[in-house]
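S.K.: Got a sequence here, can you model it:
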Amino acid sequence: MSYKLEATDPKSSARAGTLETDHGIIQTPIFMPVGTQGTVKAVHQKELVDQVNAQIILGNTYHLYLRPGMEVIEAAGGLHKFIGWDKPMLTDSGGYQVFSLSGQRKLKEEGAIFKSHIDGSKHLFSPENTIEIQRKIGADIIMAFDECTPYPCEYNYAKKSLAMTHRWLDRCIKHFENTEPLYGHKQVFAPIVQGSTYNDLRQESAEVIASKGAEINAIGGLSVGEPHEDLYAMTDLVCKILPVDKPRYLMGVGTPSNLLECVALGIDMFDCVLPTRNARHGHLYTSEGVINIKNEKWKKDYSPIDPQSKSLTSRKHSKAYLRHLFNVKEQLGAQIASLHNLSFFLWLMEEARVQIIKGTFSSWKDTQVKRLDVRL
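M.R.: Numbering: from 1, shown residues only. This is a model prediction of the structure:
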């Protein structure tokens with residue numbers, strides 16, 4: 001993977017760049033739709049390309065490991081071929097999912113022993129076998145196995161967790177360097193900065209991760225319940241330490257305003273289930289603010305879902321029609337809403353890139369943020 005930094009904003013740390021992978025080019029800043037189980041929920045791969053303009057999607061190691069399993073994916077020639085996706089892909093290591101099973105897992109130096117949420121069967125995720133699993137999945141970008149600490153988190157626990165995460169990182173790197181991709185395309189490895197919301201731990205972790213010389217670096221353990229002020233403070237601190245010439249990926253973030261504020265701090269890549277999860281509950285993000293499409297006020301509103309959207313779906317269908325679909329529990333409602341939200345998130349990143357290149361990002365961002373959280 002190669003990365004080229006193309007422009008920076010004169011009044012913030014926002015950047016525009018290009019990543020080149022064997023499966024295609026990614027223009028940053030970028031939002032990555034989450035395809036947890038080999039699918040972005042309620043959205044066909046063709047729509048991801050034609051309407052959402054997705055340049056890269058995610059797969060989830062934990063869920064894919066359990067179902068359909070590595071034997072099925074490997075026999076298919078990797079996840080790209082299994083799901084019919086020929087653009088770039090990233091997989092997380094499954095760490096977040098394992099550690100969210102607080103009552104069903106046990107941490108050891110060897111790794112994390114956990115019970116499947118499906119049938120209760122026991123499994124071990126270690127730094128080594130999560131690299132092996134991600135080799136078999138075949139994503140272009142694969143992640144380190146780490147512990148995502150909860151919020152709030154006591155300092156001593158966060159410190160011990162960070163030390164173990166760094167030890168696990170060294171084992172991940174060693175195993176990655178001693179193995180090869182399986183499907184003829186290159187894979188790159190991304191370490192993850194942790195440290196909860198403690199400045200000294202975040203600084204220590206960022207310095208350790210920066211020293212590894214990875215082609216891409218990630219920031220984890222945020223957007224787990226902490227105030228937005230802490231999210232921004234930790235992101236700012238870490239971005240000032242991570243290499244300027246490598247892309248920075250902030251995991252699991254977030255709302256449209258979160259994205260813009262973190263772009264301003266120097267983040268290049270984002271992912272989050274928010275646009276599709278909220279869409280399935282009728283929660284829409286638009287250029288003028290947030291809509292709960294189930295509300296009575298939209299019953300006879302025949303205007304487009306968002307007339308400013310680049311998505312044909314969002315311009316073609318009315319708010320009244322989409323409300324009707326949710327009211328009668330038609331699956332098409334979730335599909336249209338998901339397409340709309342994803343299209344909006346991708347548009348927001350595309351426009352941020354345009355504004356960075358023009359040198360007008362900061363003023364544009366400030367105007368947008370005031371609109372994005374307005375309840376319509």
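S.K.: Now do the strands in the stretch 251-376 of the chain.
M.R.: Across the stretch 251-376 of the chain, reading from the start of the chain, the strands by DSSP state E, counting those that start in this stretch fall at 269-271, 283-286, 289-292.
S.K.: what do you get for the stretch 1-150 of the chain?
M.R.: 2-8, 15-21, 24-28, 30-32, 57-60, 89-92, 105-107, 112-115, 122-125, 141-143.
S.K.: can you pull the buried residues of the second one?
M.R.: By 16 or more other CB atoms under 10 Å, the buried positions in strand 15-21 come out as 15-17, 19, 21. Bear in mind the C-beta positions are built from the backbone N, C-alpha and C, glycine included.
S.K.: If you count contacts, what does that strand end up packed against?
M.R.: Using 3 or more CB pairs under 8 Å, 6 or more residues apart in numbering; DSSP states H and E as the contact criterion, the secondary-structure elements in contact with strand 15-21 are strand 2-8, strand 24-28, helix 331-358.
S.K.: now do the third one
M.R.: In terms of contacts (3+ CB pairs under 8 Å, 6+ apart), strand 24-28 is packed against strand 15-21, helix 331-358.
S.K.: mind running it again at 10 Å?
M.R.: For strand 24-28, the contact count by 3 or more CB pairs under 10 Å, 6 or more residues apart in numbering; DSSP states H and E identifies strand 2-8, strand 15-21, strand 269-271, helix 331-358 as packing neighbours.
S.K.: That one pairs with which strands, parallel or anti?
M.R.: Strands that pair with strand 24-28, judged by DSSP bridges, come out as strand 15-21 (antiparallel).
S.K.: what does the first one give?
M.R.: Using DSSP bridges, strand 2-8 pairs in its sheet with strand 15-21 (antiparallel).
S.K.: and the strand it pairs with, average pLDDT?
M.R.: The average pLDDT within strand 15-21 is 98.
S.K.: Between helix 331-358 and that strand, find me the angle.
M.R.: Going by axes from the mean of the first three to the mean of the last three CA atoms, to 10 degrees, strand 15-21 is angled at 120 degrees with respect to helix 331-358.
S.K.: most distant residue from the middle of the chain?
M.R.: residue 300 (35.8 Å; CA atoms, centre = their mean).
S.K.: and the helix or strand where residue 236 lies, how far out from the chain's middle?
M.R.: Residue 236 is part of helix 228-239 when elements are defined by DSSP states H and E. Taking CA atoms, centre = their mean, to the nearest Å, one finds the center of helix 228-239 at 17 Å from the center of the full chain.
S.K.: elements contacting that helix?
M.R.: Other elements packing on helix 228-239 under the criterion 3+ CB pairs under 10 Å, 6+ apart are strand 192-193, helix 199-211, strand 217-219, strand 248-250, helix 256-265.
S.K.: Please export the C-alpha coordinates of that helix as CSV.
M.R.: As requested, C-alpha coordinates have been extracted for helix 228-239 and formatted as CSV (Å, rounded to 0.1, in the frame of the first residue of the first chain):
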residue,chain,number,x,y,z
HIS,A,228,-17.0,14.2,22.9
GLU,A,229,-14.5,16.5,24.5
ASP,A,230,-12.4,13.5,25.6
LEU,A,231,-12.7,11.9,22.1
TYR,A,232,-11.4,15.1,20.5
ALA,A,233,-8.6,15.7,23.1
MET,A,234,-7.3,12.1,22.8
THR,A,235,-7.5,12.2,19.0
ASP,A,236,-5.6,15.5,18.9
LEU,A,237,-2.9,14.3,21.2
VAL,A,238,-2.3,11.1,19.2
CYS,A,239,-2.4,12.8,15.8
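S.K.: Tell me how many other residues crowd the closest residue to residue 222 other than its chain neighbours.
M.R.: Once its chain neighbours are removed from consideration, residue 222 has its nearest residue in residue 231; the separation is 5.1 Å (CB to CB, 6 or more residues apart in numbering). The burial count assigned to residue 231 is 22, neighbours taken as other CB atoms under 10 Å.
S.K.: For this protein, which residue occupies the most central location?
M.R.: Judging by CA atoms, centre = their mean, the chain has its centre closest to residue 271, at 1.7 Å.
S.K.: Many thanks, we can stop here.
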